[in-house]
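> For reference, the sequence and a predicted model appear below.
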Amino acid sequence: MKRQVLVRDGVSLSWYDSGGSATPILFQHGLCGDINQTREAIPASLRLITLECRAHGASEAGPLENLSIATFAADIAALITELDLGPVILGGISMGAAIATRLAVHRPDLVRALALIRPAWITASAPLNMQPNADVGALLAQMPADAARATFHASPTYDHLAKTAPDNLASLLSFFERQPVATTAALLQAIAADGPGITEPDLAALTVPTLVIGTSHDAIHPWPIATRLAALIPGAKLLEVTPKSVDKPGYLADLHTAFAAFSEEI
């Protein structure tokens with residue numbers, strides 16, 4: 001997928017379009033993710049459009065104080081408007097799901113359907129399940145990366161995730177290698193403390209077709225968040241797929257099957 005650029009507030013943001021005649025799905029990565037995460041999640045038969053959020057992938061960070069779910073959602077809204085795509089099938093993984101729900105509530109004119117994969121938020125800011133991300137961000141802000149990783153390795157959180165959610169742990173450990181360190185530290189702390197800026201009545205008022213996908217064996221994106229989110233959105237379809245930490249090829253195959261079926265239904 002060829003990299004293209006959208007400039008917002010002087011910040012260059014990378015976006016990609018797989019092309020083709022299929023109805024586009026605008027799908028967003030999770031915290032510290034990039035195009036590789038979205039590209040593997042969407043079957044090749046569908047047209048994927050995705051934007052790497054500020055401080056992710058090849059996109060510039062811009063002012064660190066602007067890193068927020070609200071800013072990222074505004075950037076997505078600008079891309080939809082720039083490409084004259086609206087209303088679109090909008091979705092994302094984890095942070096991408098929070099961005100999508102925020103846009104569906106605040107810009108319903110831009111969204112015709114929602115696909116929310118392994119959500120980490122419902123409505124509240126700083127959910128407890130995001131605390132490991134905040135912890136890693138705080139350690140990176142306080143000490144060199146090697147020392148931060150060693151400190152995290154000695155923590156109860158490390159032991160807990162090693163036993164219950166090894167895929168989450170692998171992602172967190174990769175953050176200690178991510179560059180630039182100061183940007184990663186700021187990003188992890190800001191987004192872990194953030195929220196989608198919506199309420200439960202907002203979700204109850206949504207009228208678009210919605211697919212919510214969750215898994216077990218995932219401490220950052222616990223199954224009860226997926227079930228609660230699906231319960232709050234009228235008519236939402238809830239689907240449990242193979243846990244990524246148990247069988248990643250099986251997880252991706254389940255996502256592809258679900259996306260193909262959802263795109264045919266709407």
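Yes, it's here.
> which residues of the stretch 51-200 of the chain score low on pLDDT?
Applying pLDDT under 70 to the stretch 51-200 of the chain picks out no residues at all.
> now with 90?
86 (pLDDT under 90).
> Next, please give the residue ranges for the helices of it.
69-83, 95-106, 131-142, 145-153, 156-164, 166-175, 181-192, 200-204 (DSSP state H, counting those that start in this stretch).
> Contacts for the helix or strand following the shortest one next, please.
Just to be clear, that refers to helix 200-204. Next helix or strand after helix 200-204 toward the C-terminus (DSSP states H and E): strand 210-214. The contact list for strand 210-214 (Cβ atoms under 8 Å, 6 or more residues apart in numbering) reads 91, 113-119, 221-223, 225-227, 229-230, 233, 235-241, 255, 258, 262. To be clear about C-beta, it is placed using only N, CA and C from the backbone, and glycine gets the same treatment.
> and if you look at stretch 242-253?
Taking Cβ under 8 Å, 6+ apart as the rule, stretch 242-253 contacts 40-41, 165-168, 215-218, 241, 254.
> Between the two ends of that stretch, how far is it?
Distance between the two ends of stretch 242-253: 9 Å, counting by Cα to Cα, to the nearest Å.
> If you count neighbours, what's buried in it?
Neighbour counts over stretch 242-253 (16 or more other Cβ atoms under 10 Å) mark 242-245, 251-252 as buried.
> Now the two most distant members of the residues you listed.
The largest separation in those, counting by Cβ to Cβ, is between Ser245 and Leu252 at 13.0 Å.
> confidence score at Lys2?
The per-residue pLDDT reported for Lys2 equals 86.
> For the longest helix seen in the chain, the averaged confidence score.
Counting by DSSP state H, the longest helix found in the chain is helix 248-265. What helix 248-265 shows for mean pLDDT is 95.
> For the contacts of stretch 242-253, which single residue is the most surrounded?
Ala41 (26 neighbours; other Cβ atoms under 10 Å).
> sorry, back to before: looking at the buried residues of stretch 242-253, which is nearest Val5?
Closest to Val5 out of these is Leu252 (28.3 Å), distances taken as Cβ to Cβ.
> any chance of the contacts of stretch 242-253 in TSV, with distance to Trp15 too?
Converted to TSV, those look like this (distance: Cβ to Cβ, whole Å):
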residue	distance to Trp15
Glu40	17
Ala41	16
Ala165	31
Pro166	32
Asp167	27
Asn168	27
Thr215	28
Ser216	33
His217	32
Asp218	28
Val241	27
Asp254	27
